[in-house]
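# Below are the sequence and a predicted model; questions follow.
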Amino acid sequence: MAVITMPNTPNFSKSTFKLSRAVATSISPFTGKVRTQEFDRVGWEAEVTLPLMNRAQAAEWQAFIARCKGPVNTFKFADPDALTNTGTYSTGHLILNSRVADSSITLSFSGNTITSNDSSLGSLVVGDFVHVTGATNDANNGTHKVTTATNATTIVVDTSLTTESNTSGCKVQNNVKGAEGLNMVGSTNSAAGTIKKGDYLSILNATSASADPVQLLMVTEDATDTSGSPHKFAVRTTPKLRTSPTANTYVLFTSPKGMFRMVSPEVDWNADKRSLYSMGFNCSEVI
């Protein structure tokens with residue numbers, strides 16, 4: 001599998017960009033209650049159309065599409081109508097930061113409060129996201145946003161929790177598979193600014209801004225920027241993380257892209273009597 005470089009111009013004249021999820025739904029015929037089950041398959045899909053092009057322009061796209069060999073090879077791609085983020089974050093990337101990573105902890109839940117039997121929560125700040133697994137009650141598992149960092153053993157979160165006491169074998173982590181939020185730091189001590197809802201972020205596969213993307217995420221809530229050296233950032237994202245990226249991995253803010261492949265193995269284009277070409281394609285994120 002090779003990564004093929006997509007032409008930069010012209011931009012698409014029409015695009016459809018969507019997030020596709022695998023969700024099972026069952027409805028009781030007696031009560032009408034709905035139960036849902038979300039599975040791991042989730043990713044971005046796009047259908048794009050290029051403007052009319054002369055032969056010289058079209059040749060670049062013909063070669064690109066042909067080299068993709070349908071779904072065999074991959075390419076870097078982003079929402080064509082959102083290539084520039086609206087936030088003001090001042091540098092090109094952020095760095096994933098592990099603020100909590102306890103894989104065997106005893107937790108208690110009550111109201112909006114999570115209490116641990118050790119001091120592993122001490123590095124969290126308001127706005128950070130924690131991902132809990134291992135609780136007996138499903139409502140207590142999942143991603144929670146910290147609204148009060150009380151002390152090293154207690155946090156208050158934005159979720160209504162089910163009362164549960166002294167459950168052992170729990171995990172409290174961040175930036176792991178299943179999480180719907182990221183904890184990061186700026187790429188330099190002075191890096192600051194906003195990351196706005198609707199912006200995209202790209203998790204890369206290494207500690208390099210030129211590394212290949214692993215997953216494309218959308219920001220669903222304005223980020224929290226906590227002053228420091230460097231600044232701490234926390235941001236709610238969708239979809240869930242498909243993998244657990246390595247600590248200190250780069251997250252691209254400037255021109256973020258995902259890794260995509262063509263849906264169809266066919267290659268085709270149209271030309272009129274003036275030798276003006278029209279073409280388009282469907283693609284989906286690599287999962």
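The structure has been received and is ready for your questions. Numbers count the residues shown, from 1 in each chain.
# secondary structure class for Thr139?
Wrong residue type there; residue 139 is Ala, not Thr. helix (DSSP: H, G, I helix; E, B strand; the rest coil).
# Please name the nearest non-neighbouring residue to it.
Distances taken as CB to CB, 6 or more residues apart in numbering place Thr162 nearest to Ala139, at 4.5 Å, with adjacent residues excluded. C-beta: built from backbone N, CA, C; applies to glycine.
# burial measure for the one you found, as a count.
14 (other CB atoms under 10 Å).
# Which parts of the stretch 1-150 of the chain are helices?
55-68 (DSSP state H, counting those that start in this stretch).
# Excluding sequence neighbours, find me the nearest residue to the residue nearest to the spatial centre of the chain.
With distances taken as CA atoms, centre = their mean, the residue of the chain nearest its centroid is Leu217 (2.4 Å). Nearest-residue entry for Leu217: Thr237, 4.2 Å, with adjacent residues in sequence omitted and distances by CB to CB, 6+ apart.
# Kindly state the beta-bridge partners for that neighbour.
Counting by DSSP bridges, Thr237 is bridged to Val219.
# Can you tell me the number of residues neighbouring it?
Counted with other CB under 10 Å, Thr237 comes out at 25.
# what's the distance between it and Ile114?
Thr237 sits 21 Å away from Ile114, going by CB to CB, to the nearest Å.
# before we move on, the earlier item: Leu201 versus the residue nearest to Ala139, what's the distance?
31 Å.
# got it, and Ser110?
For Ser110, the distance to Leu201 - CB to CB - is 33 Å.
# From the neighbour counts alone, determine which of these two ranks first.
Neighbour totals were compared for Ser110 and Leu201, and Leu201 leads with 25 against 12 (other CB under 10 Å).
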